[in-house]
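K.L.:
sequence plus predicted model, see below.
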Amino acid sequence: MTRRVLEPALAAVESVALQAADARVLFGSVDSREALRLLTGLGPRLVYLADPDGSVWLREGGRVHWCPADASEDAPRDRYAGAAAFWVALAQRTAPRKAAADSVRYAQSVRRPGAPRQPHGSLPAAPKGREELSRL
């Protein structure tokens, strides 16, 4: 069912980013290289496939690139951080291979998924009470 729904969408796009788990849903138990080949066969020219350890496989046209994750680091905590960094880099006209390599490093640097930013300690506190009204 999933594949039948996604095939027309994949045929219409220029590029796609998936997790290895997503590829298993589409194609069953295949290795990453085979998943890249199958995805490219559905239409996209650029395929970004993230492995659970944070490594990335990239198929650009007919070339396959592998960007390994740092084995001394933990797997990425935010499963979307790498793909998001990849798309941002492409939007800034970074070469796809460099964008994929940089996305691996970025994904491993993210410590908590969706963590809100902490308040900046060097900003002055907002005025309170009547002082605030007198400035208007």
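P.N.:
Good, I have the coordinates. Numbering: from 1, shown residues only.

K.L.:
any weak-confidence spans in this structure?
P.N.:
1-2, 111-136 (pLDDT under 70).

K.L.:
residue ranges for the helices of it, please.
P.N.:
For the chain, applying DSSP state H gives helices covering 2-12, 20-27, 32-41, 81-91, 96-109, 130-134.

K.L.:
and the ones you listed as TSV, adding mean neighbour count?
P.N.:
Backbone N, C-alpha and C define where each C-beta goes, glycine included. Formatted as TSV, the helices of the chain follow (neighbours: other Cβ atoms under 10 Å):
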stretch	mean neighbour count
helix 2-12	11
helix 20-27	16
helix 32-41	17
helix 81-91	19
helix 96-109	20
helix 130-134	8
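
K.L.:
and residue 69, backbone torsions?
P.N.:
Note on residue 69: backbone dihedrals following degrees, to the nearest 10 are phi -80, psi 160.

K.L.:
show the contacting residues for it.
P.N.:
Applying Cβ atoms under 8 Å, 6 or more residues apart in numbering to residue 69 gives the contacts 51, 53-56, 75-76, 104, 107-108.

K.L.:
as a markdown table, those residues with distance to residue 86 would be great.
P.N.:
Shown next, in a markdown table, are the contacts of residue 69 (distance: Cβ to Cβ, whole Å):
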| residue | distance to residue 86 |
| --- | --- |
| 51 | 14 |
| 53 | 16 |
| 54 | 12 |
| 55 | 13 |
| 56 | 8 |
| 75 | 17 |
| 76 | 12 |
| 104 | 9 |
| 107 | 9 |
| 108 | 14 |
